[in-house]
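A.B. asks: turn this into a model:
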Amino acid sequence: MPDFEGTKAITLQPDDSAIPYRFEWTICSASTNNDGALPYGHSLSSVVTECHRVDGTVVTTGIVSASSMTVNVLTLWLGYPASSDAQLGRHHLTFAATISDGTTTYTREFDFNRLYVKDR
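C.D. replies: Residues are numbered from 1 along each chain as shown. Below is the predicted model of the structure:
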């Protein structure tokens, strides 16, 4: 099951620059429900994002130009890579999310595996 349901694949093509994409973490509706990405009573403290090529090479700076976080929502500005470091083809984003309930803090990784860089 994908970590971000309802999100279609993202395709970056030449001339794409600073296109905003939102990633939202939902909170479970009750302590006994499993209907969200975050446990009931928890929220995101921070998120560190990396972009990887299929071979595992990190190419974050070539594709992610900026980010902004509000309550449980991360906006990334993505663009077609200007350098040869980010090759054409499939990439994936990893999100190291720091989660807290006010007293306990821990990190969990989320993945988005549907990022494609194409030359039209």
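
A.B. asks: T105 pairs with what?
C.D. replies: Beta-bridge partners for T105, by DSSP bridges, are S100.

A.B. asks: so what's it up against?
C.D. replies: Residues near T105 by CB atoms under 8 Å, 6 or more residues apart in numbering: S45, T98, I99. The way it works is simple: take the backbone N, C-alpha and C, and place the C-beta from them, glycine included.

A.B. asks: tell me the one of those nearest L38?
C.D. replies: Set against L38, the nearest of these by CB to CB is I99 (6.0 Å).

A.B. asks: per-residue pLDDT of that closest one, please?
C.D. replies: I99 is assigned a pLDDT of 93 by the prediction.

A.B. asks: could you find the closest non-adjacent residue to it?
C.D. replies: Nearest residue to I99, sequence neighbours excluded (CB to CB, 6 or more residues apart in numbering): H42, at 5.1 Å.

A.B. asks: what's the burial count for the one you found?
C.D. replies: Using other CB atoms under 10 Å, H42 is surrounded by 20 other residues.
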